[in-house]
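Enquirer: okay, predicted coordinates and the sequence, questions at the end:
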Amino acid sequence: MKHNLFNFKFGKEKRDFFYYVKAGLLLKIPVELISYLPWFTKKQVFNFIDEIQLKFNIEAINDYVIKDEEFLNYRVS
């Protein structure tokens with residue numbers, strides 16, 4: 001059996017539509033639910049999740065944040 005040791009791809013892997021749907025649900029639902037608590041704002045919840053994403057390098061969240069206007073504004077401001 002022959003193994004391909006050189007399975008390298010240039011660039012970023014393309015994601016399908018359902019990948020972004022799952023990432024969006026996993027990000028938007030917790031932000032919305034936790035922000036209903038009176039002592040948290042959406043931006044505070046997002047910043048906390050974004051810090052976790054940056055620490056553990058979770059690409060799914062990062063890819064979704066870049067495509068979502070609201071979350072991208074939270075990250076930039």
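Expert: That came through, no problem.

Enquirer: alpha carbons only for contacts and neighbour counts from here, please
Expert: Will do.

Enquirer: Ile58: neighbouring residues, count only.
Expert: Using other Cα atoms under 10 Å, the number of residues around Ile58 comes to 12.

Enquirer: try Phe56
Expert: If you count neighbours by other Cα under 10 Å, Phe56 ends up with 9.

Enquirer: give me the pLDDT for it.
Expert: For Phe56, the pLDDT comes out at 90.

Enquirer: now for it: which residues touch it?
Expert: By Cα atoms under 8 Å, 6 or more residues apart in numbering, Phe56 lies in contact with nothing.

Enquirer: pull the distance from the longest helix belonging to the chain to the chain's centre.
Expert: Counting by DSSP state H, the longest helix found in the chain is helix 17-35. Mean C-alpha position of helix 17-35 versus that of the full chain (Cα atoms, centre = their mean, to the nearest Å) differs by 8 Å.

Enquirer: who are the packing partners of it?
Expert: Helices and strands touching helix 17-35, as assessed by 3 or more Cα pairs under 8 Å, 6 or more residues apart in numbering; DSSP states H and E, comprise helix 42-56, helix 59-67.

Enquirer: compare those and give me the one nearest Asp16.
Expert: Proximity to Asp16 (Cα to Cα) singles out helix 59-67 among the helices and strands packed on helix 17-35, at 11.7 Å.

Enquirer: may I have the closest one as CSV, with CA atoms only?
Expert: Extracted C-alpha coordinates of helix 59-67, given in CSV (Å, rounded to 0.1, in the frame of the first residue of the first chain):
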residue,chain,number,x,y,z
GLU,A,59,-10.5,28.6,13.1
ALA,A,60,-14.3,28.0,12.8
ILE,A,61,-15.1,31.0,15.1
ASN,A,62,-12.4,33.2,13.5
ASP,A,63,-13.7,32.5,9.9
TYR,A,64,-17.3,33.3,11.0
VAL,A,65,-16.3,36.5,12.8
ILE,A,66,-14.6,37.8,9.7
LYS,A,67,-17.7,37.2,7.6
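
Enquirer: brilliant, that's me finished.
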